[in-house]
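J.: I would like to see how this sequence folds:
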Amino acid sequence: MYETILYEVSEGVAILTMNRPDKFNAFNERMNKEITDALKQAQKDPEVRCILLTGAGRAFNAGQDLGDVLEGDVDFGGFLRNRYNPMILQFQKTEKPIIAAINGVAAGAGMSIALACDIRLASDKASLVNAFVNIGLVPDSGGCYYLPRIVGMGKALELAMTGEKVPAEEALRLGLVNQVYPTEQFWEESLAYARKLAALPTRGIGLIKRTMYKGLELGLEETLEYEAYAQEIAGQTADYKEGVNAFMEKRAPRFTGR
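T.: Sure, this is the predicted structure:
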């Protein structure tokens, strides 16, 4: 079905693996489109309750495959609008939790795509590199949106202006990643984390995601109103009823994602 990614669903988790290991999973046009399509597929599939994004081989994603753009003059604006912007927007439009399992280097747009995920887990051998400045470019693919919101403006500017590699433990300290696991247990731990989220109220999590991102752009009064709107929707779900019943009956809830 796909040429540059692998896609499978297991126990409520859609596992999306960027699969160009000989190129350190660098993006080409087909990969941009296939990731976008896979996210749309996962959003539509009621069996999918969490998405786990990772890379094949030693890298998470090394950014744009420069061999794909070196020939001739490049219209960088059109290039981003056609290839990257729709993909990054789909991460936020997908109202299911998306986890980046950063197994190795995440550089350039590979770092940006990790930041576009809701949760980031890293191997202790992983690193993140805002590499754009090293070839005279500006962070793109949402890098200028997510990075200052995650680490603050001062640190974001430093990382973007220097292009220095951030090892996993430093990334954890900065809040760039949520957890760091030993390489030997990394995939097992990442999958367990994803399955834990997949067992939670999927629609509620989707509404949390939507409302949190809305809150980044709205004032307090507008955010309060949007919270009320989202709560009206959440209060009508089967998982809300199950959660209340489980609490009253002193048992573990059995959420279905509906």
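J.: since we're on residue 221, how many residues are nearby?
T.: 8 (other Cβ atoms under 10 Å). Glycine gets a C-beta too; all of them are placed from N, C-alpha and C.
J.: I'd assumed it was in a helix, is it?
T.: Yes - counting by DSSP: H, G, I helix; E, B strand; the rest coil, residue 221 is part of a helix.
J.: point out where this protein drops to low pLDDT.
T.: Where the chain drops to pLDDT under 70, the residues are 70-72.
J.: quick one, domains of it?
T.: For the chain, the TED database gives the domain ranges 5-199, 202-249.
J.: mind checking the end-to-end distance for the longest one?
T.: Which is domain 5-199. With Cα to Cα, to the nearest Å applied, domain 5-199 spans 25 Å between its terminal residues.
J.: and if you look at the shortest one?
T.: Terminal residues of domain 202-249 are spaced 22 Å apart (Cα to Cα).
J.: circling back: out of the domains of the chain, deepest packed?
T.: Of all the domains of the chain, domain 5-199 has the most neighbours on average by mean count of other Cβ atoms under 10 Å, namely a mean of 19.
J.: show me what contacts the nearest residue to residue 68 once chain neighbours are set aside?
T.: Nearest-residue entry for residue 68: residue 28, 4.8 Å, with adjacent residues in sequence omitted and distances by Cβ to Cβ, 6 or more residues apart in numbering. Contacts for residue 28 were tallied using Cβ atoms under 8 Å, 6 or more residues apart in numbering; they are 4, 20, 65, 68.
J.: check the gap between residue 28 and residue 18 for me.
T.: Distance, residue 28 to residue 18, using Cβ to Cβ, to the nearest Å: 11 Å.
J.: need the overlap of contacts for these two.
T.: With Cβ under 8 Å, 6+ apart, residue 28 and residue 18 have common neighbours residue 4.
J.: next one: the residue most central in space within the chain from residue 158, what distance?
T.: Nearest residue to the geometric centre of the chain (Cα atoms, centre = their mean): residue 117, 1.6 Å. Computed as Cβ to Cβ, the residue 117 to residue 158 distance reads 22 Å.
J.: let's have the domains of the chain in a markdown table, adding distance to residue 257.
T.: A markdown table is the format used below for the domains of the chain (distance: least, Cβ to Cβ, whole Å):
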| stretch | distance to residue 257 |
| --- | --- |
| domain 5-199 | 5 |
| domain 202-249 | 4 |
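J.: of those, which is nearest residue 258?
T.: Among the domains of the chain, the nearest to residue 258 by Cβ to Cβ is domain 202-249 (4.5 Å).
J.: ramachandran angles for the spatially closest residue to residue 116 that is not a sequence neighbour?
T.: Closest residue in space to residue 116, ignoring its immediate chain neighbours: residue 91 at 4.2 Å, by Cβ to Cβ, 6+ apart. Dihedral angles phi and psi of residue 91 (degrees, to the nearest 10) take the values phi -60, psi -40.
J.: list the contacts of residue 120.
T.: Contacts of residue 120 were listed using Cβ under 8 Å, 6+ apart, and they are 99, 100, 102, 114, 176, 177, 178.
J.: just say helix, strand or coil for it.
T.: Look at residue 120: counting by three-state DSSP, its state is strand.
J.: which residues does it bridge with?
T.: residue 100 (DSSP bridges).
J.: where's it relative to residue 229, distance?
T.: 29 Å.
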